[in-house]
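K.L.:
what follows is a predicted structure for the sequence shown.
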Amino acid sequence: MTQTTGRRSVEEHHALIGEALQAATATRAVECVAVGEAEAVGRVVAAEVTAPGPLPRHDDSQMDGYAVRAADVAAARAEDDGDDLVRLPCDGVVPAGSSPAPLPPGTCRAIMTGAVVPDGADLVLPVEKTVAGAFVGAAQLHAAVGQDVVFIGLTPQDVAVGRFIRRAGDDVAAGETVLSVGQVLTPARLGLAAACGAPQVQVFARLRALVLTAGDELRAPGEELAPGQIHDANAPLTAAWLREAGCAVTIAAASTDDAARFAAALDAQLAATSPQLVVTSGGISAGAFEVVREVLSGRGVRFGPVAQQPGGPQGVGVLPGGPGRSDVAVVCLPGNPVSTAVSLETLLREPLAAVDPACPAPRRIRARLRQRCSSPSGLRQHRRVRLAAAPDETGVVDVELVGGPGSHLLGHLARAEALLQLTEDDVDVPAGAVREALLLPGTAAPDPPAGRTAPR
Ligand SMILES: Nc1nc2c(c(=O)[nH]1)N[C@H]1C(S)=C(S)[C@@H](COP(=O)(O)OP(=O)(O)OC[C@H]3O[C@@H](n4cnc5c(N)ncnc54)[C@H](O)[C@@H]3O)O[C@H]1N2
Ligand code: MOO
C-alpha cells in the first residue's frame, strides 16, 4: 500500500466528521409539516403514522360499469336464446362518494370507479361489456333506470366472483404502520398519510447549518470588484449543497482575513442561528493569513491534510453549544472552489447521510476511463468526468475526463457529471482502467446495463 504518511486517510476523516455530527445531532427537535406543504418532501419522519382504518376504505369498484350478482348473470345466461346476450334491469346508479342500498336480486346497478359496491353485488361488469359500450351522460343514465341493461360477450373470467371489486384493506390494513420513524417523505408517502386522513406529519427539524467563507478578496455576487478581488462562489455553492442535503442554511459573509473580525462574525452567527453544523471554506492552508485555522484551532478544531486531491487541507472539530444548546460540528474546507465542492461530496456526504436520512447517500458507479492519466502517489485523486456511454452488461460506465485536475477549475466541475476516484496507489492510469466514481448532484443515475430492465 502506498504511504499517506502525515496525512489522514479519507476514511479516518470521515470518522472524525461522523463523531462531530453525532455529538451535534444527539437530540433532534421535532416539528409538524402539513401533508400538502411544499416543504414536506424530503423531510424525515419523527413519529410513526398508523392507518386508522383500511385502504381502500370500502369494497369499491375498479371499473365504471355495473354491479351485479354472479348468480343472476348465470341465471340470465341459462335463459339465453343463443344470442350471447345477458339482460338485467338497472335499479339505480352509484356514484363515487355515495353510500348505496343493497342490490335487490335479479337486478344490476350502474357503478362508477371508486364507488362503494352495494351489499349483495359480488362482481362488476365494465361498461364496455354492454351493447351500448359506454355511458353517455348522467341524465341519460338516470333516465335509463328501470330499463334492461344488455351485456354481451361475457367470458367466464368476466363473471368470476370478485371481478373488478377492490376489497377494503387490500392495500393497507387498519392499524398498519404506514410511515416509520426515519423514513424520508416522498410524494407517495405524503399521499398515503393524506389517504389515512393525517393532515400533518411529525418530522425532525432540519439540521441547522451555518456557512462561513473567509478571505479579504471575496465580495458578494453583484458587488463591484476592485482589482484583486473575486466574487464569493463557495458560499452559494456550499449552501446549495447543504440545502440539497436537507439542512436549513444560513450564509454569513465574513469576507475578511482579520482574525478578530472573523471571530466576531462567527460568534455573532453562533449566537443568532444556533447551528448544529458550521461549514467554513478557505483560510486553512499554509498562507500567512489563514484566519479560519487561526481562530478555530484555538477552540479545539484539528487542522491537517487529508490524503486526497483536491481537498487536501481540512479541519474538523466540535464546539460546545453552551447551556441548552446542542454541540456544534465544525467542518473546515479548503478555499479553492473545486476543493470545497469535492470535499463536500467525498468527506461530508457519507457522515451526514449516516446521521440524517434527509441527506442522500453517495451514489457510486463503476467507471471505465477512456483516456490514460496520471495521479499523485499516496493521494486519492478525484478527477472530473462525464458519462460517455450507457453501462455495459457488467454495469461499468465509460467516462471521459472533463478538464484538468486543478482545484480552481470551477467551470470544468460545472460541466462534469461524476468524480472518478483514482486510488492512493494509482500513479500512471492506463486507458480502460475501471475505478469507482461518485455521481455529482444533478446527474441522473445511468440506465441499467444493456439487457436488464430497471427495477419497477
Ligand atoms: N504552501 C502551501 N500552499 C498551499 C497549500 C499547501 O499545502 N502549502 N495547499 C494548497 C491547497 S491544496 C489548497 S486547496 C489551498 C487551500 O487554501 P485555503 O483553504 O487556505 O484557501 P484560501 O487560501 O483562502 O483560498 C484558496 C483559493 O481559493 C479562492 N477562494 C477562497 N474562498 C473562496 C470563495 N469563497 N469563493 C471563491 N474562491 C475562493 C481563493 O481566492 C484562492 O484562490 O491552499 C493551497 N496553498
Ligand atoms: O488540496 Mo487543494 O484542494 O488540491 O487545491
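P.N.:
Ah, there it is. Residues are numbered from 1 along each chain as shown. Ligands and ions are numbered 1, 2, ... in the order given.
K.L.:
strands of the stretch 251-400 of the chain, start to end?
P.N.:
When secondary structure is read from DSSP state E, counting those that start in this stretch, the stretch 251-400 of the chain shows strands at 277-281, 302-305, 308-309, 313-319, 328-333, 364-369, 373-374, 380-387, 397-401.
K.L.:
close enough to count as contact, Met182 and Val44?
P.N.:
I think there's a mix-up here, since residue 182 is Gly and not Met. Yes: look at Gly182 against Val44 with CB atoms under 8 Å: they come within range, at 6.4 Å. In this view, the C-beta of every residue, glycine as well, is placed from N, C-alpha and C.
K.L.:
shared neighbours of those two, anything?
P.N.:
Shared contacts of Gly182 and Val44 (CB atoms under 8 Å, 6 or more residues apart in numbering): Pro357.
K.L.:
neighbour count winner among the two?
P.N.:
The neighbour comparison of Gly182 against Val44 (other CB atoms under 10 Å) goes to Val44, with 20 against 12.
K.L.:
can you check the pLDDT for that one?
P.N.:
The per-residue pLDDT reported for Val44 equals 98.
K.L.:
now do Pro449
P.N.:
66.
K.L.:
what about the helices in the protein?
P.N.:
Under the criterion DSSP state H, the chain contains helices at 10-24, 70-78, 138-143, 187-195, 234-244, 259-273, 291-297, 337-343, 349-355, 410-415.
K.L.:
single out the most deeply packed of the ones you listed.
P.N.:
Stretch with highest mean neighbour count among the helices of the chain: helix 337-343 (a mean of 27; mean count of other CB atoms under 10 Å).
K.L.:
before we move on, the earlier item: in CSV: the strands of the stretch 251-400 of the chain, plus mean pLDDT and mean neighbour count.
P.N.:
CSV is the format used below for those (pLDDT from 0 to 100; neighbours: other CB atoms under 10 Å):
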stretch, mean pLDDT, mean neighbour count
strand 277-281, 97, 28
strand 302-305, 96, 16
strand 308-309, 97, 23
strand 313-319, 97, 23
strand 328-333, 98, 27
strand 364-369, 98, 20
strand 373-374, 96, 15
strand 380-387, 98, 23
strand 397-401, 98, 20
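K.L.:
check contacts around whichever residue of the stretch 201-350 of the chain sits closest to ligand 1.
P.N.:
When CB to the nearest ligand atom is the measure, the stretch 201-350 of the chain has its nearest residue to ligand 1 at Gly335, with 2.5 Å between them. Contacts for Gly335 (CB under 8 Å, 6+ apart) come out as 213-215, 234, 281-285.
K.L.:
hmm, try it at 7 Å
P.N.:
If you count contacts by CB atoms under 7 Å, 6 or more residues apart in numbering, Gly335 has them with 215, 234, 281-283.
K.L.:
among the residues you listed, which two are most distant?
P.N.:
Distance extremes for the contacts of Gly335: the farthest pair is Asn234 and Gly283 at 11.0 Å, using CB to CB.
K.L.:
which bits of the stretch 301-450 of the chain sit near ligand 2?
P.N.:
Contact residues (CB under 6 Å from any ligand atom) of the stretch 301-450 of the chain with ligand 2: 309-313, 334, 336, 339, 407.
K.L.:
does Thr130 really touch Gln147, like I thought?
P.N.:
No: Thr130 is not in contact with Gln147 according to CB atoms under 7 Å; the separation is 11.8 Å.
K.L.:
looking at those two, which one has more neighbours?
P.N.:
Looking at Thr130 and Gln147 with other CB under 10 Å, you find the greater number of neighbours at Thr130, namely 20 against 10.
K.L.:
domain map for the protein?
P.N.:
Described in terms of automatic domain parsing, the domain architecture of the chain consists of the residue ranges 10-29+206-355, 31-54+185-204, 60-166, 364-439.
K.L.:
in CSV: these, plus distance to Thr177.
P.N.:
Output for these, formatted as CSV (distance: least, CB to CB, whole Å):
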stretch, distance to Thr177
domain 10-29+206-355, 20
domain 31-54+185-204, 5
domain 60-166, 21
domain 364-439, 31
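K.L.:
out of these, flag the one nearest Val172.
P.N.:
Among these, the nearest to Val172 by CB to CB is domain 31-54+185-204 (4.8 Å).
K.L.:
for that closest one, measure first residue to last.
P.N.:
The stretch domain 31-54+185-204 measures 6 Å between its terminal residues, going by CA to CA, to the nearest Å.
K.L.:
next: stretch 71-91.
P.N.:
According to CA to CA, stretch 71-91 extends 17 Å from its N-terminal end residue to its C-terminal end residue.
K.L.:
and for stretch 439-447?
P.N.:
For stretch 439-447, the first-to-last residue distance is 13 Å (CA to CA).
K.L.:
just the pLDDT for Arg452.
P.N.:
Looking at Arg452, its pLDDT is 58.
K.L.:
ah, wrong one, I meant Asp81
P.N.:
Confidence for Asp81, expressed as pLDDT, is 68.
K.L.:
kindly report the same for Thr2.
P.N.:
As predicted, Thr2 sits at a pLDDT of 48.
K.L.:
residues from the stretch 151-300 of the chain in reach of ligand 1?
P.N.:
Counting by CB under 6 Å from any ligand atom, the residues of the stretch 151-300 of the chain that sit close to ligand 1 are 213, 215, 217-218, 230, 232-235, 281-287, 290.
K.L.:
by contact count, what packs against the least confident helix or strand in the chain by mean pLDDT?
P.N.:
Across the helices and strands of the chain, the lowest-confidence element by mean pLDDT, DSSP states H and E is strand 248-254, at a mean of 88. Other elements packing on strand 248-254 under the criterion 3 or more CB pairs under 7 Å, 6 or more residues apart in numbering; DSSP states H and E are strand 208-214, helix 234-244, helix 259-273.
K.L.:
so for Pro100, which of the ones you listed sits nearest?
P.N.:
Shortest separation from Pro100 across the helices and strands packed on strand 248-254 is recorded for helix 234-244, at 49.3 Å, computed as CB to CB.
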